[in-house]
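Q: Build me a structure from this.
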Amino acid sequence: MIESVPLGTGGAIRLALAEAREESVLVLNGDTFLNADYAAMLGFHAVQGAAVTLAVVHCDDVSRYGGVTLEGRRIVGFQEKGRSGPGYISAGTYVLARNLAWPPALPEKFSIERDFFVPEVARLRPAAYKVDGFFLDIGIPEDLDPRPNRAGAISRVESPGLEFDSFQSSSYIVHTGDSACPRLKRRRELRD
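A: Residues are numbered from 1 along each chain as shown. Below is the predicted model:
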């Protein structure tokens with residue numbers, strides 16, 4: 001499935017969810033890298049009984065990302081970019097229920113975080129899946145540090161034996177299946 005016109009992150013995800021066959025769908029932001037156990041994240045989502053689960057990572061300074069406010073294992077608020085200091089941030093990886101209830105006033109094109117998660121946080125009470133793994137915002141050039149420890153963290157990611165279907169928009173890759181996670185090595189081989 002390919003969107004015929006750019007729908008923003010939210011519109012693209014909503015379109016993909018309408019075609020999903022599984023109850024829960026793993027959504028990966030196309031301009032971030034997160035070394036996480038995605039199968040465990042799907043399991044956490046199911047145990048929490050949440051319609052929305054966001055992967056969150058601890059950051060020494062949340063100012064360029066904006067933060068999330070946690071109460072236990074739930075997200076109860078979002079902070080705007082600019083507030084400095086340590087805290088948790090959204091890592092751009094979500095598990096969403098296929099039958100997620102969208103507010104009727106949402107336009108066809110919208111931002112999943114700004115136009116949906118932020119105003120709907122009290123209704124959604126998203127689960128927060130804490131990840132200690134490597135996180136990289138690929139969309140920020142100065143973060144593309146070629147130091148071996150950063151590159152090594154990326155090359156070690158492996159998800160053996162997982163099958164998935166995918167939908168890609170300009171900003172997100174949405175994977176569905178019993179165990180939704182790409183095999184990065186296999187994708188590199190196919191691309192080369």
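Q: who's the residue nearest the centre of the chain bridged to?
A: In the chain, the residue lying closest to the centroid (Cα atoms, centre = their mean) is T93, at 1.3 Å. With DSSP bridges applied, T93 shows beta-bridge pairing to L28.
Q: Per-residue pLDDT of it, please?
A: pLDDT for T93: 96.
Q: wait, doesn't it sit right on V25?
A: No: T93 is beyond contact range of V25, at 11.6 Å (criterion: Cβ atoms under 8 Å). Using the backbone N, CA and C atoms, a C-beta is placed for each residue, glycine as well.
Q: Common neighbours of the two, please.
A: Counting by Cβ atoms under 8 Å, 6 or more residues apart in numbering, T93 and V25 have no common neighbour.
Q: where does the residue lying closest to G66 once chain neighbours are set aside land in three-state SS?
A: Nearest residue to G66, sequence neighbours excluded (Cβ to Cβ, 6 or more residues apart in numbering): K81, at 4.5 Å. Using DSSP: H, G, I helix; E, B strand; the rest coil, the structure places K81 in coil.
Q: Then M41?
A: State at M41, reduced to three classes by three-state DSSP: helix.
Q: Now do the contacts for it.
A: With Cβ under 8 Å, 6+ apart, M41 has these contacts: L26, T53, A55, T93, V95, Y129, V131.
Q: can I assume V5 sits in a helix?
A: No: using three-state DSSP, the assignment for V5 is coil, not a helix.
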